[in-house]
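Peer 1: predicted model follows, preceded by the sequence.
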Amino acid sequence: MLNQNVARGAFLALVALFFAANALRYPIGTFAHAGPGLFPLMICVPLLIIAGAMVVQARLAEPVPLQFNPRNIALIMASLIGFVLASEYVNVTLGIVVLVFVAGLAANTYSWVRNIKIAIGLIAVAFVFQRFLGLNLRLF
């Protein structure tokens with residue numbers, strides 16, 4: 001039996017190692033003059049620490065059997081595809097709304113209020129990225 005908690009920690013460690021390996025392909029630079037590889041590498045270190053803690057904690061706790069829910073996987077994939085299509089053909093605001101409301105169907109309990117709050121928060125983050133970082137997001 002595969003332990004779900006060990007699998008989560010191992011998957012997070014694999015993702016962190018993948019991004020760390022790719023970050024090392026770019027110049028790291030220094031903290032005073034950061035290169036393009038510094039930020040991803042700085043994020044990977046805490047992710048690896050968290051992944052290690054998850055694996056250790058999973059070994060100390062009661063094992064949870066690993067389960068896959070094809071319906072939820074399909075819903076998450078559909079929400080990502082919907083985000084891309086809505087963002088491409090309409091705007092990013094609609095893409096965020098589609099993403100949140102379709103992905104919300106994968107939750108145990110569906111809440112319109114929660115989805116609206118999450119969508120507003122993500123749209124606010126996108127607005128900050130557009131306004132202060134100069135990203136061309138086509139929000140409205």
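Peer 2: Now that the structure is in, tell me what you want to look at. Numbering: from 1, shown residues only.
Peer 1: any idea how far P70 lies from A53?
Peer 2: Distance from P70 to A53, counting by C-beta to C-beta, to the nearest Å: 30 Å. Where you see a C-beta, it was placed from the backbone N, CA and C, and this is true even at glycine.
Peer 1: can you pick out the residue with more neighbours from those two?
Peer 2: A53 (11 against 7; other C-beta atoms under 10 Å).
Peer 1: need the pLDDT of the more buried one.
Peer 2: pLDDT for A53: 96.
Peer 1: show me the domain layout of this structure.
Peer 2: The chain is divided into the following domains under automatic domain parsing: 4-60, 70-133.
Peer 1: could you dump these into CSV with distance to L139 added?
Peer 2: Converted to CSV, the domains of the chain look like this (distance: least, C-beta to C-beta, whole Å):
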stretch, distance to L139
domain 4-60, 24
domain 70-133, 5
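Peer 1: and F140, which of those is closest to it?
Peer 2: Ranking those by proximity to F140 (C-beta to C-beta) places domain 70-133 first, at 6.3 Å.
Peer 1: and the helix or strand encompassing V56, what other elements does it pack with?
Peer 2: Here V56, judged by DSSP states H and E, is contained in helix 38-60. Here helix 38-60 touches helix 4-23, going by 3 or more C-beta pairs under 8 Å, 6 or more residues apart in numbering; DSSP states H and E.
Peer 1: I'd like the mean pLDDT over the helix it packs on, please.
Peer 2: 94.
Peer 1: buried residues, that helix. List them.
Peer 2: For helix 4-23, burial by neighbour count (16 or more other C-beta atoms under 10 Å) applies to N5, V6, R8, G9, A10, L12, A13, A16, A20, A23.
Peer 1: the nearest residue to the fifth one once chain neighbours are set aside: what's it in contact with?
Peer 2: What that stands for is A10. Once flanking residues are discounted, A10 sits nearest to V55: 6.7 Å by C-beta to C-beta, 6 or more residues apart in numbering. Contacts here follow C-beta atoms under 8 Å, 6 or more residues apart in numbering; on that basis V55 touches N5, V6, G9, A10, A13.
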